[in-house]
Structure formats: structure tokens, C-alpha cells
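Engineer: this one's structure only:
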């Protein structure tokens with residue numbers, strides 16, 4: 001590894017891997033989206049088939065160290081608990097289309113605190129309730145418009161397309177007309193109806 005000090009006291013490394021390791025060590029990654037991703041991977045680490053317990057535990061330790069190293073220097077227990085609360089609030093949402101879009105938006109935005117998560121959840125809930133109200137109002141308006149635009153007709157007038165009796169003009173076939181064929185009238189053929 002070659003070093004030169006020609007850039008104002010900064011050491012230039014010719015080996016890219018060494019430079020990356022040095023930068024990573026000197027500049028702690030404090031991006032909440034990165035932390036969220038690292039924490040999200042912790043419960044996903046499972047023992048592989050035929051993997052020894054020590055190898056499995058080593059992978060767990062490595063993942064935990066990456067997560068711990070991503071935390072700001074001097075992170076308090078409250079900071080970690082806040083992050084866990086944010087993580088669980090997001091990952092335990094019901095799996096549906098609305099929440100999937102919401103989770104994607106949250107993940108892209110990043111940089112959350114418990115206060116911003118609470119505010120974002122409240123805003124999203126208000127948006128959903130407003131959309132439901134607007135949708136319901138739109139459906140009601142559409143139904144009202146349909147009823148208002150329907151042609152009015154007398155209850156005695158047959159609906160368009162229904163059969164019309166040529167004998168009496170009512171909504172039934174001529175061969176079912178009780179005026180023409182009195183024996184078809186249920187009320188008149190039943191003697192108990194009349195006293």
C-alpha cells in the first residue's frame with residue numbers, strides 16, 4: 001500500500017479496498033434508511049442447512065456489528081428503542097395494497113424519528129379517511145344522478161321492454177290477462193277472499 005501526503009495532510013491510498021475500509025471506519029454511516037435495512041436483515045438470518053452453530057452465530061454477530069456500527073457514535077438506549085419502535089411500526093402494518101405503497105414511500109423518504117413517524121401515520125390516516133369520504137360522496141352523487149335522470153313513469157305504466165297486454169294495456173301477456181280470462185284471477189278464483 002502506497003501513501004502520499006501531497007494533498008494538504010490527507011493521506012491518499014492507492015489500494016481501493018484499504019481506502020474504503022478507512023473511510024468506512026472514519027465516517028460512520030448514520031443514514032436511517034441504511035440502519036433500517038441493516039436492522040430489517042437481523043431477523044432474516046437463519047441457520048443454513050449443514051451450517052455449524054458457531055458459523056451461524058458468527059453471521060448473527062457480524063450482522064449485529066454492522067447494525068451497531070451504523071448507529072451514531074454515542075447513541076443512547078432511547079435512540080435504539082426509538083428506531084426499534086419505528087421499524088416495528090412499519091413492518092407490522094397489515095399487508096395490503098395501500099400499506100405497501102405507504103411503506104415504499106416511507107422507505108424512500110427515510111430520516112424518521114418517533115415524532116415524524118407519528119405525524120406521517122396521522123397524515124396518511126387523514127388522507128385515507130378523506131379518500132373514503134370522497135369516494136362515498138362520488139358514489140352517492142352518481143346514484144342520485146342515475147335516479148334523477150331516469151324517466152319517470154306511472155306505476156300503472158309498464159316498464160320499457162316488458163310485455164303489454166293488447167286487451168287491457170297492462171304489463172302481462174295477452175294470454176295471461178285475467179280480464180279476458182277471469183279464471184286466471186287468483187283473487188276471484190279463491191272464494192275465501194270475498195265475504
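Structural biologist: Received it, and whenever you're ready, just let me know what you need. The structure presented is a predicted model; accordingly, all values stated were derived computationally and were not measured. Numbering: from 1, shown residues only.
Engineer: alpha carbons only for contacts and neighbour counts from here, please
Structural biologist: OK.
Engineer: now do the strands in this structure.
Structural biologist: 3-7, 10-13 (DSSP state E).
Engineer: mind listing what's buried along the helix ranked longest in the chain?
Structural biologist: With residue count as the measure and DSSP state H as the assignment, the chain has helix 114-149 as its longest helix. Applying a neighbour-count criterion of 16 or more other CA atoms under 10 Å, the buried positions in helix 114-149 are 114, 117, 121.
Engineer: which stretches of this structure form helices?
Structural biologist: 16-26, 32-41, 53-70, 77-91, 97-109, 114-149, 186-189.
Engineer: a markdown table for those, including distance to residue 178 and mean pLDDT?
Structural biologist: What follows is the helices of the chain, written out as a markdown table (distance: least, CA to CA, whole Å; pLDDT from 0 to 100):
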| stretch | distance to residue 178 | mean pLDDT |
| --- | --- | --- |
| helix 16-26 | 96 | 66 |
| helix 32-41 | 77 | 77 |
| helix 53-70 | 87 | 89 |
| helix 77-91 | 70 | 80 |
| helix 97-109 | 58 | 84 |
| helix 114-149 | 33 | 83 |
| helix 186-189 | 9 | 56 |
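Engineer: would you turn these into JSON lines with distance to residue 164?
Structural biologist: Written out in JSON lines, the entries for the helices of the chain read as follows (distance: least, CA to CA, whole Å):
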{"stretch": "helix 16-26", "distance to residue 164": "88"}
{"stretch": "helix 32-41", "distance to residue 164": "71"}
{"stretch": "helix 53-70", "distance to residue 164": "80"}
{"stretch": "helix 77-91", "distance to residue 164": "64"}
{"stretch": "helix 97-109", "distance to residue 164": "51"}
{"stretch": "helix 114-149", "distance to residue 164": "24"}
{"stretch": "helix 186-189", "distance to residue 164": "20"}
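Engineer: hang on, the earlier thing: got the buried residues of helix 114-149 as TSV, with distance to residue 77 columns?
Structural biologist: As requested, the buried residues of helix 114-149 are arranged in TSV below (distance: CA to CA, whole Å):
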residue	distance to residue 77
114	14
117	19
121	24
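Engineer: mind telling me which of the strands of the chain the model trusts least?
Structural biologist: Lowest mean pLDDT within the strands of the chain: strand 3-7, a mean of 46.
Engineer: domain ranges for this protein, per the record?
Structural biologist: Dividing the chain into domains by automatic domain parsing, as the record does, gives the ranges 31-149, 158-195.
Engineer: output those as CSV; include the columns distance to residue 18.
Structural biologist: Rendered in CSV, the data for the domains of the chain read as follows (distance: least, CA to CA, whole Å):
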stretch, distance to residue 18
domain 31-149, 18
domain 158-195, 85
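Engineer: surely residue 103 meets residue 90?
Structural biologist: Yes: between residue 103 and residue 90 a contact is recorded at 6.7 Å, counting by CA atoms under 8 Å.
Engineer: okay, those two: which has more neighbours?
Structural biologist: Counted by other CA atoms under 10 Å, residue 103 and residue 90 do not tie: residue 90 has more neighbours, with 18 against 14.
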